[in-house]
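Colleague: Dropping the sequence and predicted coords here.
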Amino acid sequence: MNDPAGEQMRREPFKRYKAILARVHVLRVGCLAIISFLSGLGWPAWAATSNWASEQHGAARLISAVEATGSSTQVDVGLQLRLTSGWHTYWRSPGDAGIPPAIDWKGSENFAGAEIAWPAPKRLPSLGGLETVGYEDGVVLPIVVRLAHPGAPLRLHAEVDYASCKDICIPYHASLDLALPAGLARPGPEAPLLAEARALVPGDLLAAQFELLGAAVEARSGSAILAVRLASTTPFASPDVFVEGLQKGAPGRPDTTLSDAGRTATLRVPIAGEPAAAIAGQNLKVTIVDGARTAETEITPVLGSLPPLQADASRIAIFGLALLGGLMLNLMPCVLPVLSLKLLALAGYAGAERRAARIGLLATAAGVIVSFAILAAALIALKAAGSAIGWGIQFQQPWFLAGMALVTTLFAASLWGWAPIFLPTGVANAIGSVRGHGRVSNAFLMGAFATLLAASCSAPFVGTAIGFALARGPIDIALVFGALGFGMAAPFLAIAALPGLIAYLPRSGRWMIWLERVLGVALIGTTAWLLSVLALEAGTELALVTGALLALLLAALAWRQQRLTAGLAKRSLGVAAVGLAALAVLVPSLRGEAALTKVTSSKGEAGQWQPFDEAAVHESVAAGNTVLVDITAAWCLTCKANELAVFDRSPVAEKLRDPRVVAMRADWTRADPAITAYLQSFGRYGVPLDVVYGPEAPHGIPLPELLTSGAVMEALARASAGGKEEAHE
């Protein structure tokens, strides 16, 4: 039997459900209509970035440093262009060809104007003889947008035209929209990217440690030559200058001359299409780029030539620094293993005839000088081939480390009387006397060996002299390295020139036998150090195998000596036991050494060292922090001395624990093009390099090679609290 009332009650919930669905449908349709309407207007939802407008070889978008407009009269935004790897776009002054990015802001709301900041450009590969300037792989252009009504929402509409070029140029167009609501201007997710781009925009001369010394323009061969002379507190690496503001002329690539130990640069820019008389008196803008240091300034060149520089006096000063630096290498920690060999060489001449002593001393000096000459020749060849060059780069090669470990082992065996080392007779004759052939050979090879090990560290004046030489031509490289060699050989040359000093040396005796044994053990310690570096570069397994083979070589030489000289068997076996015990203890520890010396993330007494990231440096400085960058290497004993004497001790260790101080460390143990480029941006071609950045020193304050706590603390204070940015040389 049907019950109408019950049926009605059962249907009531379904009616309510249908009514709710109808309302939801109306709301959904309404929302879609609103979204469709907003889309028709072209405005996106509130967001700190626009969508990417992507093409085959390029993409563009707008980004903002904040999530809302805040109360300021301006907002920091940026145009990010992302290009296919190997493709480029152009700077605001592109050179002989190309078009720079252009933005039309028509259609924007609450917009009173915008100013684009251009990061420092680079010279692009020449095509058909055309010189162009721009950015490879992409760029972020920081933009300051002025608000018509501070505190109100901002809607940006940008019509962007840019080019993406490689062998051909393709013009692209992008329509971009970005909308920021009113509200608290909290940093957006792209704020670090914009801060990094802003740090690449050239500042004033003082911030980059540059000084304008003069500008002149002269007529030459139917064209004009604009000469700009600059000074720098630190040596220039590879300075370049970009000229803007000419009425008709087209500037070309400058011809650069460095002087005054690399601290003065004269850049001569050829200008076609405009006479010198017309250029003189114009207000021109010049952008100066030297690695990471960049600056912009205005010049008004005079008609005529710049006054000549005292180039010869500058070279003489550099050679003087090289001589002094070579002499100081004898006192550096990297030469301590070699110092034992030098002491033994001197002791070996005690009581000998003056002529024999002088020949031995001259042979050691010749070994030093010839080795420096070989290093110079190798660096000249590598530079001519376009390879990266630097001081101590041979220690980045596993084959060199293994070879040096073999040499130190053989020298130890020679000191113990197991394996005498001889030069070829012709070389020995050229050095001195056939009599005493073995002594002359050992003296020469000790000098050469000293040079090779000395290359693992730097000394005061050495970095300046080498930076000057490697930034110039073959003649300067040869002369500077020759001066370094003569400086390092100076103690031996001085004693050889004053034979009366030999009389004050202790006479030879049984004490020399014991000294030879002790120094042999010291050389085995040097072998273990070389193997520890080899473990970091090529792996612990290779280092262990090399150490085991060297231990077997020592054992074989000891056994051979026992058979040849039965009377010395017990002594030989005793020394062999010491040498083998040293390798047996030190070589297995290489696995631990490799782990402990991972410098990119080591934690010592000074606190946590972060891996070096040049972009993160600029971000930290933009956030108000002070940053200390330490470029080191496992084979650099000067670096290790700086760590133990400065970074791991108060007051520097305590300062690095300050949360406002960021410590970063980079490892140049292995070849790294990025680190090499960073070194060269400061005019350095070897480690150590320590640089302090801060709000008052955004381009960095480079420190001397051999650090003191006072120098580090002073640089940290100047970078964070102001003061003139100067390099401590």
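Modeller: Looks like it arrived, so ask away.
Colleague: Tell me where the model's unsure across the stretch 101-250 of the chain.
Modeller: Scanning the stretch 101-250 of the chain for pLDDT under 70 picks out 222.
Colleague: swap that for the stretch 401-550 of the chain, sorry
Modeller: Within the stretch 401-550 of the chain, the segments meeting pLDDT under 70 span 419-439, 455-460, 471-472, 499-500, 502-509, 511-512.
Colleague: Which stretches in it count as helices?
Modeller: Remark: helices assigned in the stretch 401-550 of the chain by DSSP state H, counting those that start in this stretch are 425-431, 437-454, 462-470, 474-497, 510-538, 540-564.
Colleague: Pipe the ones you listed into TSV and attach mean neighbour count and distance to Ser93 per row.
Modeller: The C-beta positions use only the backbone N, C-alpha and C, and glycine is treated the same way. TSV is the format used below for these (neighbours: other Cβ atoms under 10 Å; distance: least, Cβ to Cβ, whole Å):
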stretch	mean neighbour count	distance to Ser93
helix 425-431	15	59
helix 437-454	23	47
helix 462-470	27	30
helix 474-497	21	33
helix 510-538	20	44
helix 540-564	18	52
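Colleague: Roughly how far does Gly624 sit from Ala616?
Modeller: 14 Å (Cβ to Cβ, to the nearest Å).
Colleague: between these two, who's got more neighbours?
Modeller: Ala616 (16 against 10; other Cβ atoms under 10 Å).
Colleague: how many neighbours does Ile374 have?
Modeller: Ile374 has 15 neighbours, counted by other Cβ under 10 Å.
Colleague: who's in contact with the helix or strand where Pro270 lies?
Modeller: Assessed by DSSP states H and E, Pro270 sits inside strand 264-272. With Cβ atoms under 8 Å, 6 or more residues apart in numbering as the contact definition, strand 264-272 has outside contacts at 213, 217, 223-232, 236, 239-241, 243, 246, 249-259, 279, 290, 306, 309, 314.
Colleague: And stretch 201-213, by the same measure?
Modeller: Contacts for stretch 201-213 (Cβ under 8 Å, 6+ apart): 117-120, 142, 228-234, 264, 287-290, 293-297, 299, 697-699, 724-727.
Colleague: how long is it end to end?
Modeller: 23 Å (Cα to Cα, to the nearest Å).
Colleague: ok, back up a step: please pick the buried ones from the contacts of stretch 201-213.
Modeller: Neighbour counting with 16 or more other Cβ atoms under 10 Å marks 117-120, 142, 228-230, 232-234, 264, 287-290, 293-297, 299, 697-699, 725, 727 as buried within the contacts of stretch 201-213.
Colleague: Which parts of the protein belong to which domain?
Modeller: Domain assignment for the chain, taken from automatic domain parsing, gives 1-41, 53-199, 210-309, 314-595, 598-721.
Colleague: Kindly reformat those domains as TSV containing distance to Ala47.
Modeller: Formatted as TSV, the domains of the chain follow (distance: least, Cβ to Cβ, whole Å):
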stretch	distance to Ala47
domain 1-41	13
domain 53-199	7
domain 210-309	32
domain 314-595	43
domain 598-721	22
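Colleague: before we move on, back to that, so which bits of the strand holding Pro270 are buried?
Modeller: Thr264, Ala265, Thr266, Leu267, Arg268, Val269, Pro270, Ile271.
Colleague: Also stretch 191-206?
Modeller: Those would be Ala191, Pro192, Leu193, Leu194, Ala195, Glu196, Ala197, Arg198, Ala199, Leu200, Pro202, Leu205, for stretch 191-206 by 16+ other Cβ under 10 Å.
Colleague: Okay, and which of those residues map to helices?
Modeller: With helices defined by DSSP state H, the entries of these inside them are Ala191, Pro192, Leu193, Leu194, Ala195, Glu196, Ala197, Arg198, Ala199.
Colleague: OK, contacts around the nearest residue to Ala402 once chain neighbours are set aside?
Modeller: Leaving aside its sequence neighbours, Ala402 sits nearest to Thr546 (Cβ to Cβ, 6 or more residues apart in numbering; 5.3 Å). The contact partners of Thr546, taken as Cβ under 8 Å, 6+ apart, are Ala402, Ala405, Leu531, Leu534.
Colleague: Can you say which two of the residues you listed are spatially most distant?
Modeller: Using Cβ to Cβ, the two most remote members of these are Ala402 and Leu531, lying 8.5 Å apart.
Colleague: In helices, which of the contacts of stretch 201-213 fall?
Modeller: Reading helices off the contacts of stretch 201-213, I find no matches (DSSP H).
Colleague: Run the chain-centre distance for stretch 608-628.
Modeller: 15 Å (Cα atoms, centre = their mean, to the nearest Å).
Colleague: which stretches of the stretch 551-700 of the chain form helices?
Modeller: Secondary structure of the stretch 551-700 of the chain (DSSP H, counting those that start in this stretch): helices at 569-586, 590-596, 614-622, 637-642, 652-656, 673-681.
Colleague: Among those, show the one with the smallest mean pLDDT.
Modeller: Of all the helices of the stretch 551-700 of the chain, mean pLDDT reaches its minimum on helix 590-596 (a mean of 44).
Colleague: Double-check Ser720 against Gly694; I have them as touching.
Modeller: Yes: taking contacts as Cβ atoms under 8 Å, Ser720 lies within contact range of Gly694: 4.5 Å.
Colleague: residues shared between the contacts of these two?
Modeller: Taking Cβ under 8 Å, 6+ apart as the contact rule, Ser720 and Gly694 both touch Thr626.
Colleague: between the two, which one's more packed in?
Modeller: For the pair Ser720 and Gly694, the greater number of neighbours falls to Gly694 (26 against 22), based on other Cβ under 10 Å.
Colleague: OK, contacts around that one?
Modeller: Gly694 makes contacts with Val621, Asn625, Thr626, Val627, Leu716, Arg718, Ala719, Ser720, as judged by Cβ under 8 Å, 6+ apart.
Colleague: How about it, nearest residue that isn't a chain neighbour?
Modeller: Of all residues not flanking Gly694 in the chain, Ala719 sits nearest, at 2.9 Å (Cβ to Cβ, 6+ apart).
Colleague: all strands in the stretch 201-350 of the chain, in order from the N-terminus.
Modeller: Secondary structure of the stretch 201-350 of the chain (DSSP state E, counting those that start in this stretch): strands located at 210-220, 223-232, 240-244, 250-251, 255-259, 264-272, 284-290, 293-299, 302-303.
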